[in-house]
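> predicted structure and sequence below. I'll ask about it afterward.
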Number of protein chains: 2
Amino acid sequence: MSKFSWTILKTSKKNKARIGKITTPHGDIETPAFIFCATKAALKSFTTKDAKNNNTQIILSNTYHLMLQPGSNLISKHGGLHKFIGWNGPMLTDSGGFQIFSLGYGSVADEIKGRKTNSKIRKTVININEEGAIFKSYIDGSSILLTPEKSIEVQRDLGADLIVVFDECTPFNVDKNYTYKSMLRSHRWAHRSINAFNSKLKYQSKQGSAGLQEIYGIIQGGIYSDLRLESIYFNQNKINTFGIAIGGSLGSSKEEMKEVVNFTASKLNNIQPVHLLGIGDPIDIWTFVEQGIDTFDCVSPTRLARHGSALVKGKKGKINLKNRKYKEKLSPIDNECLCYTCKNFTLSYLYHLFASQELLALQLLTNHNIFFMNNLMETIRTAIKEDNYENKKKEWLEN
Amino acid sequence: MSKFSWTILKTSKKNKARIGKITTPHGDIETPAFIFCATKAALKSFTTKDAKNNNTQIILSNTYHLMLQPGSNLISKHGGLHKFIGWNGPMLTDSGGFQIFSLGYGSVADEIKGRKTNSKIRKTVININEEGAIFKSYIDGSSILLTPEKSIEVQRDLGADLIVVFDECTPFNVDKNYTYKSMLRSHRWAHRSINAFNSKLKYQSKQGSAGLQEIYGIIQGGIYSDLRLESIYFNQNKINTFGIAIGGSLGSSKEEMKEVVNFTASKLNNIQPVHLLGIGDPIDIWTFVEQGIDTFDCVSPTRLARHGSALVKGKKGKINLKNRKYKEKLSPIDNECLCYTCKNFTLSYLYHLFASQELLALQLLTNHNIFFMNNLMETIRTAIKEDNYENKKKEWLEN
């Protein structure tokens, strides 16, 4: 009956890296896969058509932004997000929790990677209690209550294939006691999210516009191994979800993040597809695929493009096209890259576009970065398939 | 030998409207045609690939902007503008004169349509004398001398198929005496431009990078019929150019513009293709095609898009997508339009993109406006072909 399935096609002999397939009503996702962020129902300077043409498999939109503007009801009237944004492939929406707790504080990446101080983190959150979170709308300043039930209702309206339970995203510098209590509350919220998700009435009434959906749980526990273990146990035994995501704080440094993710991933069974929230650095992706992570999402590829950075192979990972040294470079970003931008334009032209503030710069660079990420994931899948992961990883990072 | 030709395929029975074909080394232009402005070597928020996919035949870039940034020498090193911007179709560059005299004053359209006062018009021009014009660079404030010879040299470097003689674009509110003297000087500059253009040495030295080119003369004379007649005589008898453009001031009102263009066009022979500089309003295009104008250019379709206006049929000609009345409209800009934007997105979605300041808004609207203009020109060509101009014009404007 279900239009959803998850199949592991092959697991690497030397580590936990695996290739798999997530089937959704809007098509298959070959994993490991990267999910691009169409936060406010747009990939910023890029069309969904071009995303498809650059081998994108799946995109996500943010419940928090869309419930405020233009409102999920209006998107439901369109027949759901897929029709609203002209994307016929798989989609995911988050639960809104992540943004409520991180917006006003810094970027999503800053939040989970702990790059900034925490002084402003609560500025958009007015109150958190058992019921949900009351926050201030960034559109008009009004107070809005978001509960697990409300989050699921909004996500039903939006109609993405994959949706996520409502949680509090704990910041990196709260103490263990707060993290523990928050985790337990997020577990209770997960139960309520799933109850709302399974509510036959809502399900049927929305099915016409939004289609079938499946839900992901989220593992909390911050940087504390015992809490992570407890949350893994909860997610794998106390609730029944299609997929599982690793969320919450991953620590305050890259080293700590690596430890937390490695520990958490190592304790998971292999029954569900595993998503790692908010990570998009190619080096991290190579690392965490080895731990059995199947999907990643991050604003970084498109955000970096808008700031003038092109993703490249190698440990450095990116180059800044606004650098004057590219003014007269007649070669493309990457001679071997097969994207539209690299096949048609020089670094000199891209430098010129940024220097003369032409919007086309953002679009061409987004094109390269999206193609790059999809190419990275394809290289990873092929490496797993051919039992050649270590070599391919080395080749990529030492390019 | 020549890779260029101009053929009139059919002239309307009831007026001077005609369909024709301009052949260039980079392909044919079916006329009447619209030329889109890639001012600084970019169509702002649009790729040349998408321009092509939306039936664009020819684009232009501006000598003035490109000589300042990034410099024509660098573009020549790329093998010319075509390679620099990834466009393999016909191209035109202007001479730079138009921008020198209108920049710092207002938009090109404002200038020729006389919509603003003239107080600031000379602010970027330091001095005009027989030699040329000394102007202040908008990039770094340095003084730059642009002469007919220099303009042609730069246009050789840029390597567009069609280039234009250097002229002074007289503003609308100078007196007849100034307009007359300016016209005579522009005629002398036209001689010098053509001499430079014909210089065997320069020609051969640049041919490798820039390919073959042909040149347009410009008819001056402001709003004065006797001066227009004198300039027409000069252009048709004293110099030998591939094409002819109607330039200079077209008056201070739409009525005056119509009179000036109608008078000028009516006195031309049919030997050369005729370009009308800076006009892009669909109503004006319907009007002036009847007078035998073959090509038009204007920044308006792409500029209107960036300001939130979609071109539509009818006398009003455009709608503002930022208007709140579109917030919940589930229909596209135009139900019958076959462009990517209209086939995939609602007015409600486009409104949302503008409301949430997503850059994609500009791209999707540019897509519609470019498709719209090319569709307009195709409708016009078909109407001429089928001897059905009056009906089709009425149908379009009364839509």
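Received the coordinates, thanks. Numbering: from 1, shown residues only, chains lettered A, B, ... in the order given.
> report pLDDT for A:Ile58.
In this model, A:Ile58 is scored at 98, pLDDT.
> which non-adjacent residue is nearest it?
By the measure of Cβ to Cβ, 6 or more residues apart in numbering or on different chains, the closest residue to A:Ile58 outside its immediate chain neighbours is A:Pro90, 4.3 Å from it. Backbone N, C-alpha and C define where each C-beta goes, glycine included.
> so which residue of the stretch 51-200 of chain A comes closest to chain B?
In the stretch 51-200 of chain A, no residue comes nearer to chain B than A:Gly86, which is 3.8 Å away by Cβ to the nearest Cβ.
> what about that residue, how many neighbours?
The local packing count at A:Gly86 equals 18, with neighbours defined by other Cβ atoms under 10 Å in any protein chain shown.
> picking that back up, quick one: the residue nearest to A:Ile58 and A:Glu30 touch, right?
No - in this structure, A:Pro90 sits apart from A:Glu30 without contact. The criterion is Cβ atoms under 8 Å, and the distance is 10.8 Å.
> more neighbours: which of the two?
Neighbour tally, A:Pro90 and A:Glu30, criterion other Cβ under 10 Å: the higher count belongs to A:Pro90, 24 against 14.
> hang on, the earlier thing: could you measure from the residue nearest to A:Ile58 over to B:Pro25?
Computed with Cβ to Cβ, to the nearest Å, the distance linking A:Pro90 and B:Pro25 is 46 Å.
> A:Ser266 now?
Using Cβ to Cβ, A:Ser266 is found at 63 Å from B:Pro25.
> ramachandran coordinates for A:Ala310?
Summarising the backbone geometry of A:Ala310 under the convention degrees, to the nearest 10, its torsions are phi -100, psi 130.
> mind listing what it touches?
With contacts defined as Cβ atoms under 8 Å, 6 or more residues apart in numbering or on different chains, the neighbours of A:Ala310 are A:Leu304, A:Lys318, A:Ile319, A:Leu321, A:Ile333, A:Leu350, A:Leu365, A:His368, A:Asn369, A:Phe372.
> for the helix ranked longest in chain A, what is the average pLDDT?
Longest helix in chain A, counting residues (DSSP state H): helix A:360-385. When pLDDT is averaged along helix A:360-385, the result is 98.
> buried stuff in it?
By 16 or more other Cβ atoms under 10 Å in any protein chain shown, the buried positions in helix A:360-385 come out as A:360-377, A:379-381, A:383-384.
> how many neighbours does A:Lys343 have?
When neighbours are counted by other Cβ under 10 Å, A:Lys343 registers 10.
> A:Lys325 now?
Counted with other Cβ under 10 Å, residues neighbouring A:Lys325 total 10.
> OK, contacts around it?
Shown here is A:Lys325, which makes no contacts under the criterion Cβ under 8 Å, 6+ apart.
> quick one: pLDDT of it?
Confidence at A:Lys325, expressed as pLDDT, is 98.
> mind checking the SS state of it?
Per DSSP: H, G, I helix; E, B strand; the rest coil, the secondary structure class of A:Lys325 is helix.
> so what's A:Asn15 up against?
The contact partners of A:Asn15, by Cβ under 8 Å, 6+ apart, come to A:Glu290, A:Gln291, A:Tyr389.
> rewinding a little: keep the buried residues of helix A:360-385, but drop any that are not near chain B.
A:Leu360, A:Ala361, A:Leu362, A:Gln363, A:Leu364 (Cβ under 8 Å from any Cβ of the partner chain).
> verify the stated contact: the second one with A:Phe354.
Read that as A:Ala361. Yes - proximity of A:Ala361 to A:Phe354 meets the contact threshold set by Cβ under 8 Å, at 4.8 Å.
> mind listing the shared neighbours of those two?
Common neighbours of A:Ala361 and A:Phe354, counting by Cβ under 8 Å, 6+ apart, are A:Gly308, A:Leu321.
> which residues of chain A lie near chain B?
Among all residues of chain A, those adjacent to chain B (criterion: Cβ under 8 Å from any Cβ) are A:40-47, A:49, A:65, A:69-70, A:74, A:77-78, A:84-86, A:327-328, A:330, A:340, A:344-346, A:348-349, A:351-353, A:355-356, A:358-364.
> what sits closest to A:Asn65 if chain neighbours are left out?
Asn isn't right for residue A:65; it's His. A:Lys40 (4.7 Å).
> and that neighbour, what are its phi and psi?
Main-chain dihedrals, A:Lys40, degrees, to the nearest 10: phi -100, psi 40.
> correct me, but it touches A:Leu66?
Yes - counting by Cβ under 8 Å, A:Lys40 touches A:Leu66, with 6.8 Å between them.
> these two - which one has more neighbours?
Summary of the neighbour comparison: A:Lys40 and A:Leu66, criterion other Cβ under 10 Å, with A:Leu66 having more neighbours (27 against 23).
> for the more buried one, give me its contacts.
Applying Cβ under 8 Å, 6+ apart to A:Leu66 gives the contacts A:Lys40, A:Ala41, A:Ser72, A:Ile75, A:Leu81, A:Thr93, A:Val154, A:Leu158.
> wait, a helix at it?
Yes - the assignment for A:Leu66 is a helix, going by three-state DSSP.
> show me where pLDDT drops low in the stretch 151-300 of chain A?
Where the stretch 151-300 of chain A drops to pLDDT under 70, the residues are A:200-211.
> which residues of the stretch 101-250 of chain A fall in strands?
Counting by DSSP state E, counting those that start in this stretch, one finds strands in the stretch 101-250 of chain A at the ranges A:125-128, A:133-136, A:143-146, A:162-164, A:214-219, A:243-246.
> just say which of those is most tucked in.
Sort the strands of the stretch 101-250 of chain A by mean neighbour count, taking mean count of other Cβ atoms under 10 Å in any protein chain shown, and strand A:162-164 sits at the top with a mean of 28.
> what's next to that one, contact-wise?
Contact partners of strand A:162-164, identified using Cβ under 8 Å, 6+ apart, comprise A:24, A:90-95, A:152, A:155-156, A:197, A:213-216, A:218, A:242-243, A:245.
> now stretch A:232-248
By Cβ under 8 Å, 6+ apart, the list of residues contacting stretch A:232-248 from outside reads A:4, A:6, A:22, A:98, A:162, A:164-165, A:167, A:169-170, A:179, A:183, A:187, A:190-191, A:194, A:214-222, A:261, A:264-265, A:267-269, A:271-277, A:293.
> cool, and stretch A:180-197?
Residues lying outside stretch A:180-197 but in contact with it, judged by Cβ under 8 Å, 6+ apart, are A:95, A:130, A:132, A:147-149, A:151-153, A:163, A:165-168, A:170, A:174, A:202-203, A:213, A:215, A:217-218, A:220-222, A:224, A:227, A:230-231, A:234-235, A:238-241, A:248.
> buried subset of those?
Buried residues within these, defined by neighbour count using 16+ other Cβ under 10 Å: A:95, A:132, A:147-149, A:151-153, A:163, A:165-168, A:170, A:174, A:213, A:215, A:217-218, A:220-222, A:224, A:227, A:230-231, A:234-235, A:239, A:241, A:248.
> among those, which ones are in helices?
Assigned to helices by DSSP H, the following of the buried ones among the contacts of stretch A:180-197 qualify: A:Pro148, A:Glu149, A:Ser151, A:Ile152, A:Glu153, A:Leu227, A:Glu230, A:Ser231.
> which one is the third one nearest to, not counting chain neighbours?
Computed as Cβ to Cβ, 6+ apart, the closest residue to A:Ser151 that is not its neighbour in sequence is A:Phe166, at 4.0 Å.
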